[in-house]
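A.B. asks: Can you look at this prediction? I've put the sequence above it.
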Amino acid sequence: MLIKISLVLAIIVSLATLYIAHDQVGGKLTSLATDLGIAQTEAATAKTEANKAINAEKSLKSQLESTNKMLVEVTAVRDMALARSAEQEARANKATEALAKTTEEKNSANSELSAWKSLNMSVDQIRPQRDALAKAQAERDVLQVESKVLSLNTRMLKSQLDKYKGTEEVEVVLPAGTKGEIVAVDPKFDFVVLNIGANQGVLPNAKLLVNRNGKLIAKVKITSVEPTRSIANVLSDWKQDELSEGDQVFY
């Protein structure tokens, strides 16, 4: 009898345990089902939001491309407008300069005409006078050149005459401010080549001082003269240093 009672109690306890375990598992399943539903809802919501974000990105990208295209077009139009503006400004400046030049020439012509009119002379009378003035000016220029050449020849002849006239050396005078530069040096024979000649009024036997950095270093005597250069010997008693290209000479 005791054994039966024990078996019945064991069966009751097992059933109670099974019920409690089933109830707990059921509660967990219900909770899991609830969590799954929430997760599925949240996943659907997230997917919807993601699709919205993707669509918004596509729309923004499209708008950006459209904006960039519009910006390129606007920039091109602006550059064209600037180029046209610069071209028009250049034309305007050129036209302004041409107008100013034309106005100046017109004013000059009017002034010249007024000056001639003040002389009470006709155009036919003015033309010969103008031609005669131009001819006289040209003749004056020729005479000035010839006078300069004649003066140089006279000085050269006087220098040669003085040389043969006696043993005493006569100083040869050069134009005031005559100066030049040594362009070549022969240290063996002690002579130099200068970059000045007859065109600058240089004469044979003339003497020039040699300067370097503000210091007098020698004196040279002209021995040969050409139109644009001359040759000079270095005077030994005046020589303070060896001469070199670039040294300055002056009268």
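C.D. replies: Yes, it's here.
A.B. asks: ok, now how distant is residue 187 from residue 50?
C.D. replies: Going from residue 187 to residue 50 by CB to CB, to the nearest Å gives 97 Å. C-beta here means a position set from N, CA and C on the backbone, and glycine is covered the same way.
A.B. asks: I'd like the secondary structure assignment at residue 245, please.
C.D. replies: coil (DSSP: H, G, I helix; E, B strand; the rest coil).
A.B. asks: Check it and give its pLDDT.
C.D. replies: pLDDT, residue 245: 94.
A.B. asks: swap in residue 163?
C.D. replies: Looking at residue 163, its pLDDT reads 59.
A.B. asks: Also the one 4 residues further on?
C.D. replies: On the pLDDT scale, residue 167 is placed at 48.
A.B. asks: now swap in the one 4 residues further on and tell me
C.D. replies: Predicted confidence (pLDDT) for residue 171: 78.
A.B. asks: just residue 148 next, same as before
C.D. replies: So, for residue 148, pLDDT stands at 68.
A.B. asks: Then residue 54?
C.D. replies: 80.
A.B. asks: quick one: secondary structure of it?
C.D. replies: Quick answer, by three-state DSSP: residue 54 is helix.
A.B. asks: cool, and residue 188?
C.D. replies: Going by three-state DSSP: residue 188 is coil.
A.B. asks: what do you get for residue 144?
C.D. replies: helix.
A.B. asks: let's have the chain start at 5 instead
C.D. replies: Noted, 5 is the first residue going forward, which turns the last one into residue 148.
A.B. asks: okay, now it: neighbour count?
C.D. replies: 10 (other CB atoms under 10 Å).
A.B. asks: And residue 239, by the same measure?
C.D. replies: 14.
A.B. asks: And what about the residue nearest to it when sequence neighbours are not counted, helix, strand or coil?
C.D. replies: Excluding its sequence neighbours, the residue lying closest to residue 239 (CB to CB, 6 or more residues apart in numbering) is residue 223, at 4.8 Å. Here residue 223 is recorded as strand under three-state DSSP.
A.B. asks: Who are the contact partners of residue 223?
C.D. replies: 211, 212, 213, 214, 238, 239, 242 (CB atoms under 8 Å, 6 or more residues apart in numbering).
A.B. asks: Show me where the stretch 5-154 of the chain has its helices.
C.D. replies: 6-122, 127-169 (DSSP state H, counting those that start in this stretch).
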